[in-house]
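Visitor: Need a 3D model of the following:
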Amino acid sequence: MAAALSSRFLKGIGSLQAVRSSRLASASVNQNGMMRFSSTVPSDSDTHDDFKPAQKVPSGSTDSLKDIVENDVKENPVMIYMKGVPESPQCGFSSLAVRVLQQYNVPIGARNILEDQELKNAVKSFSHWPTFPQIFIKGEFIGGSDIILNMHKEGELEEKLKDVSGNQKSQ
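Guide: Reported below is the predicted structural model:
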């Protein structure tokens, strides 16, 4: 019975006309033998603007992205470039960094580096550090979640954040 149903199903699929798609897909095999797929949607007059890829940070030269990073670090006493946002981190290291910083009840400025590859590269260039999250306190690059956690355990983070508005360490 199952064989008859699957045979009929496959014949039905085989008789369908092919549909033209504007989506371009490619696949590659990584070192572990896993397939990685990616797709792009070319500029198509039939695609509504709401469904076209959009830049989250205004596109422009690397200098303008550098200015954005400099301004973020200058304007936010605590700034974190992370995967996700503080309310919804997208990796364990970003989650750990946010949880540690939240212990001090300080305002946290944040940008999701997953939204814009150019911004991610600009942050790496600005800090000369390759990994994320990246935490800046009072304009100074501190490091990632491991550094913040160690500073927290040693009491150094409390000292660093003592004059940041709203700082009252949670118990």
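Visitor: Which element, helix or strand, includes the nearest residue to Leu65 once chain neighbours are set aside?
Guide: Counting by C-beta to C-beta, 6 or more residues apart in numbering, Ala122 is the residue found nearest to Leu65 once chain neighbours are left out, at 3.7 Å. No exception for glycine: its C-beta is placed from N, CA and C like everyone else's. In the assignment (DSSP states H and E), Ala122 maps to helix 117-127.
Visitor: give me the number of residues near Gly92?
Guide: Number of residues near Gly92 (other C-beta atoms under 10 Å) recorded here: 10.
Visitor: Next, give phi and psi for it.
Guide: phi -60, psi -40 (degrees, to the nearest 10).
Visitor: What confidence value was assigned to Asn150?
Guide: pLDDT, Asn150: 97.
Visitor: how many other residues sit next to Asn112?
Guide: Asn112 has 19 neighbours, counted by other C-beta under 10 Å.
Visitor: how about the strands in this structure?
Guide: Remark: strands assigned in the chain by DSSP state E are 24-29, 35-40, 78-82, 84-85, 88-89, 109-112, 134-137, 140-143.
Visitor: all helices for the protein, in order.
Guide: Using DSSP state H, the helices found in the chain span residues 2-15, 62-75, 92-102, 117-127, 145-154, 156-161.
Visitor: Any idea which of the ones you listed gets closest to Pro86?
Guide: Pro86 sits nearest to helix 92-102 of all those, at 4.7 Å, using C-beta to C-beta.
Visitor: Contacts only, for Thr131.
Guide: Listed by C-beta atoms under 8 Å, 6 or more residues apart in numbering, the contact set of Thr131 reads Gly144.
Visitor: Look at it and report its pLDDT.
Guide: pLDDT, Thr131: 95.
Visitor: All set, thanks.
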